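> Sequence below, structure please.
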Amino acid sequence: MTHLSVVRSLVLAACAAAAASAQTVALTFDDGPQLKAMPLMAPQARNAALLAALAKHHVKSALFVTLGNGADRPEGLALAKAWGEAGHAIGNHTVTHLDLNAQATTLKQYEDEILACDGAIRPLPGFRPWFRFTFLREGNTPEKRDGMKGFLKSKGMRNAYVSLDTSDWRLDAALAATLRAHPEADLKPFRAAYLAHLRQRAEAYRDLSRRLFGRDIPQVMLLHHNLINALFLDDALQQFEAMGWTFTDPGAALQDFVYTLDPQAPAPGQSLLISAARSLGYRPENWERLLDDGDKEIEELERLGVLPASGE
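Numbering: from 1, shown residues only. Predicted coordinates:
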C-alpha cells in the first residue's frame, strides 16, 4: 500500500469514527395541534411552517397530541393527520393537559384522559402507543406513580421520556405577549434568545449524558407546537447542523438503553437525565441553569427592553 493510500485510509477511518460518534437528536413536539389564535400566523399556517421546516431538513419527529387544544375538532384533527401523513409519529398527551402531581387530580381522571385521547388519535397515520407525561410529572404519590406504570403496561404503551428539556414555551409566551402589545415588534431579539437557549440546553444535556453514562446518547428533545417554533424552527435545525449534530427519529432514539431506566428519585417536571443524576446523588455544576425556565434568556430580553411593560 502506498503512502497516499495509507493516509487516505486513515482519513476515511477518522471520518467514519467521527460520524459514528456524532451526537444525534430526535425532535418531539408537545401540546399540538394548537388551534388558539396567535399573532402573525393562523393555526394552519403555524402547522404548515413546522412541517415545512422538518421536511426541508429531512427530519422525522413526533407530535404528542393534547386533544383539547384542537384535535377534538375536525379542523384540528386534520392538522394532526398532516403530521402522520408526512411521516411523523403521533403520540398521546392527554385531553386537557391536567397535572398528575396536583392533589385534585386522581389516577382515574388521568387514565380516562389518556384513553379518550387514544381513541381519537389511534386511527391517524403515524400513531404510536407512546405517552408523554404532562409537565413531565409522573404523580405526586407512590400510588399514582405505580398506578401509571401498571396502566401503561396494561395498555401496551410506553413512557416517551425526554432527555433534552427546553423552555421554548416560556419564550413563546413572551413573544406572544410582546406581539399582542406591539404588533410591529422586532422579532430578532426573540430569535436570538430562542437559538441561544436551545444551544445552551443541548450542550448542557450532552455534557450531563457523558458524565452519567460515559457516552453520547441519542437525545430526545422536547419542543412545543407553538408560534416561536413555527417562526424559527428552520433556524434551529440549521444551528444543530452547524454544531455537528445529526437528526434521528424518536422511535430509534427511544430504543437506547437509557430510555428503559426507572429512576428511583425522579425529579418532577424535569428531564430523564436530571432524574438519573438525582438518583445517583450527582449534582452537576450547571444544575440551576438546567432546572430554570429560560430565566437567563428572559432576563436578556428584559435588559433589551423588548418585553411589554406590566399591564400592557
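> got the buried residues for stretch 200-209?
Gln200, Arg201, Ala202, Ala204, Tyr205, Arg206, Leu208, Ser209 (16 or more other Cβ atoms under 10 Å). C-beta coordinates here come from the backbone N, C-alpha and C atoms, glycine included.
> Please name the residues that touch the fifth one.
By that I understand Tyr205. Ser163, Leu164, Asp165, Gln219, Ser271, Leu273, Leu290 (Cβ atoms under 8 Å, 6 or more residues apart in numbering).
> Out of the residues you listed, list just those in strands.
Among the contacts of Tyr205, the members found in strands (DSSP state E) are Gln219.
> Highest neighbour count among the contacts of Tyr205?
Within these, Leu273 tops the neighbour count with 29 neighbours, counted by other Cβ atoms under 10 Å.
> Show me where the stretch 1-150 of the chain has its helices.
Ranges of helices within the stretch 1-150 of the chain are 3-21, 43-56, 74-85, 107-121, 142-154, based on DSSP state H, counting those that start in this stretch.
> Of all these, which one is nearest Lys188?
Closest of these to Lys188 is helix 43-56, at 17.7 Å (criterion: Cβ to Cβ).
> Just want the angle from the closest one to helix 74-85.
Here the directions of helix 43-56 and helix 74-85 differ by 0 degrees (axes from the mean of the first three to the mean of the last three Cα atoms, to 10 degrees).
> elements contacting helix 43-56?
strand 24-32, helix 74-85, helix 227-242 (3 or more Cβ pairs under 8 Å, 6 or more residues apart in numbering; DSSP states H and E).
> nearest to Arg122, of those?
helix 74-85 (11.1 Å).
> What lies in contact with the closest one?
32-33, 35, 43-44, 47, 51, 63, 65, 69-71, 90, 120-121, 124-127.
> now swap in stretch 40-59 and tell me
Stretch 40-59 is contacted from outside by 27, 29, 32-38, 60-61, 70, 75-76, 79, 82-83, 86, 88, 179, 225-227, 229-231, 233-234, 237-238, 241, 247, using Cβ under 8 Å, 6+ apart.
> which of those residues count as buried?
Of the contacts of stretch 40-59, these count as buried by 16+ other Cβ under 10 Å: 27, 29, 32-35, 38, 60-61, 70, 76, 79, 82-83, 86, 88, 179, 225-227, 229-231, 233-234, 237, 247.
> what residues are up against Thr166?
His197, Leu198, Arg201, Met221, Leu222, Leu223, Gly294.
> if we go to 7 Å?
Neighbouring residues of Thr166 by Cβ atoms under 7 Å, 6 or more residues apart in numbering: His197, Leu198, Arg201, Met221, Leu222, Leu223.
> How many neighbouring residues does the residue nearest to the second one when sequence neighbours are not counted have?
Closest residue in space to Leu198, ignoring its immediate chain neighbours: Ala236 at 5.5 Å, by Cβ to Cβ, 6 or more residues apart in numbering. By the criterion of other Cβ under 10 Å, Ala236 has 25 neighbours.
> what's around Arg137, how many residues?
19.
> sorry, back to before: indicate which one of the helices and strands packed on helix 43-56 is closest to Pro266.
Closest among the helices and strands packed on helix 43-56, using Cβ to Cβ: strand 24-32, at 18.4 Å.
> Distance from the chain centre to that closest one, please.
4 Å (Cα atoms, centre = their mean, to the nearest Å).
> in its sheet, what does it sit against?
The strands beside strand 24-32 in its sheet (DSSP bridges) come out as strand 62-65 (parallel), strand 219-224 (parallel), strand 246-247 (parallel).
> Many thanks, we can stop here.
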